[in-house]
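1. here are the coordinates; sequence isn't available:
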């Protein structure tokens, strides 16, 4: 589900700040995951289920075997936020230097080396359309998508 105010695309606006405050206030009280896109707030109402989480775990473990020790495949919080673009996302896996994680608040998208998503059955357009658009806008150089529904994927740079 997407909640889209008319001028949500105005980066740095009071509208973005209000959406951000709303998302943060709902994060611990309403199930699912909230993100802010240029179109508005995206609410993935379904919490990730076992097969999704298992795929994320396998990706993380495989990546960490081949990456230098100072680079991690992080899953979970915090969000990645491009304030000037009015976008706040939470990738399933973020490839990031451990030192860049030593920050308060959200991650700077320019520190993310790659974002990886396992397509959600409940909202596949969020991964295949919204994130394909948003990740380059906030400066994430590589975006990989794994779609277990169709056994397909893509790596975009």
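-> Arrived safely, thanks for sending. The structure presented is a predicted model; accordingly, all values stated were derived computationally and were not measured. Residues are numbered from 1 along each chain as shown.
2. so what secondary structure elements neighbour the helix or strand residue 22 falls within?
-> Using DSSP states H and E, the element containing residue 22 is helix 14-26. Here helix 14-26 touches strand 33-37, strand 40-44, going by 3 or more C-beta pairs under 8 Å, 6 or more residues apart in numbering; DSSP states H and E. Any C-beta I mention is one placed from the backbone N, CA and C, and that applies to glycine too.
3. which among those is found nearest to residue 157?
-> strand 33-37 (20.5 Å; C-beta to C-beta).
4. relative to helix 14-26, how tilted is the closest one?
-> Counting by axes from the mean of the first three to the mean of the last three C-alpha atoms, to 10 degrees, strand 33-37 lies at 170 degrees to helix 14-26.
5. between strand 33-37 and strand 40-44, what angle do the directions make?
-> Interaxial angle, strand 33-37 versus strand 40-44 (the same axes, to 10 degrees): 150 degrees.
6. tell me what strand 33-37 is packed against?
-> Right, strand 33-37 is packed against helix 14-26, strand 40-44, strand 87-89 by 3+ C-beta pairs under 8 Å, 6+ apart.
7. try 10 Å
-> strand 2-3, helix 14-26, strand 40-44, strand 80-82, strand 87-89, helix 131-138 (3 or more C-beta pairs under 10 Å, 6 or more residues apart in numbering; DSSP states H and E).
8. what comes up buried for that strand?
-> Within strand 33-37, the residues scored as buried using 16 or more other C-beta atoms under 10 Å are 33, 34, 35, 36, 37.
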